[in-house]
Structure formats: structure tokens, C-alpha cells
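Peer 1: below is the sequence, then the predicted model.
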Amino acid sequence: MTTQEIFEFLNSHPIFYLATADGDQARVRGIMLHKADEKGLVFTTAKYRDVYKQLITNPKVELCFHEQHLQIRVTGIAEEIDEDIELKKEIVAARDFMKPWIAKTGYEPMGLFRVTHCVATTWTMTNTLAPKIFVNLTA
């Protein structure tokens, strides 16, 4: 897959699984992508959640997107971009379920991250034995 094809897939399949480290224990959970482009992959979490603390302690992450027989794994560095209030507003405007939370608490508890230094690899049932091919998505 090309870089553009990967971005198109990620943006059209916004639910992904995020792997972080909690000391010597791996942790994984479902997260919702806001957008993926050449600047990185953007998502949010609440600052009071364990995942936020794990990202701050060790920003090395892996994200896994999938649909039926295609899986795309992306490794990178999760960088907090908490000061981007306009991007936070854009995300909340696109997600009705977040509006009551933000109305009650404001934007401060919303942790905003961009994954950069992204490298992707794909897997399908037809290429399961083929060597991995790595695609650089971001700088």
C-alpha cells in the first residue's frame, strides 16, 4: 500500500487499538482517531485516565487498525499537543458525545496527542508469510 492509501484507510476506519507500556506490562485499548495525515495521527484521551499517564511516561506507541482481512500497524511517538485549543474544539464539534463532558469540565481535562515518526506495516491473510514491508508515513 502507498502512503496515501494507508492514510485513506486510517481515516475511513477511525477506531484503532492503542498499545502503551505500563512499567513492564503492555496495555491495549480501543481509541478513536480524529485524523491521519503527513503531520501525524491525532487522538484524544482524558488526562485522568491511565492511558494518559502511560503516554506521558513512555510516548512510544503502536496503533492497530483493521477491517476483516486487512490489518495496518503503525509505530510512532505520541507527542502531547495540549496547547492546540482550536484542534480540541474541532474534535469536540465532530463528536456529539463529547459535548456534555466539555460543557461541564472545559477543555483542560482533554489530553490531545499527535503520533509522529510513524512507520506502518500491513498484514492480510494473503500475505501472512511474506516479509514485512515498512512504509514511512511521517517525519
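Peer 2: Done, it's in. Numbering: from 1, shown residues only.
Peer 1: send me the biggest strand by length in the chain as PDB with only the CA atoms.
Peer 2: Using DSSP state E, we find that the single longest strand of the chain is strand 110-124. In PDB, the C-alpha atoms belonging to strand 110-124 read as follows (Å, rounded to 0.1, in the frame of the first residue of the first chain):
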ATOM      1  CA  MET A 110      -8.900  16.700  27.500                       C
ATOM      2  CA  GLY A 111      -5.400  15.300  26.600                       C
ATOM      3  CA  LEU A 112      -4.600  15.800  22.900                       C
ATOM      4  CA  PHE A 113      -1.900  13.800  21.100                       C
ATOM      5  CA  ARG A 114      -0.300  13.600  17.700                       C
ATOM      6  CA  VAL A 115       1.600  10.400  16.800                       C
ATOM      7  CA  THR A 116       4.700  11.300  14.700                       C
ATOM      8  CA  HIS A 117       7.700   9.400  13.400                       C
ATOM      9  CA  CYS A 118       5.100   6.900  12.100                       C
ATOM     10  CA  VAL A 119       6.100   3.700  10.300                       C
ATOM     11  CA  ALA A 120       3.300   1.400   9.000                       C
ATOM     12  CA  THR A 121       3.200  -2.200   8.100                       C
ATOM     13  CA  THR A 122       0.300  -4.200   6.700                       C
ATOM     14  CA  TRP A 123      -0.900  -7.700   7.100                       C
ATOM     15  CA  THR A 124      -3.500  -9.600   5.100                       C
END
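Peer 1: I'd like the next helix or strand past that strand.
Peer 2: Going down the chain from strand 110-124, the next helix or strand is strand 134-136, by DSSP states H and E.
Peer 1: who touches that following strand?
Peer 2: The contact list for strand 134-136, computed with Cβ atoms under 8 Å, 6 or more residues apart in numbering, reads 1-3, 6, 118-121. From N, CA and C alone the C-beta is placed, and that goes for glycine too.
Peer 1: would you mind measuring the gap between the ends of stretch 64-72?
Peer 2: Taking Cα to Cα, to the nearest Å as the measure, stretch 64-72 stretches 6 Å from start to finish.
Peer 1: same question for stretch 127-139.
Peer 2: Start-to-end span of stretch 127-139 (Cα to Cα) is 27 Å.
Peer 1: I am finished for the moment; much appreciated.
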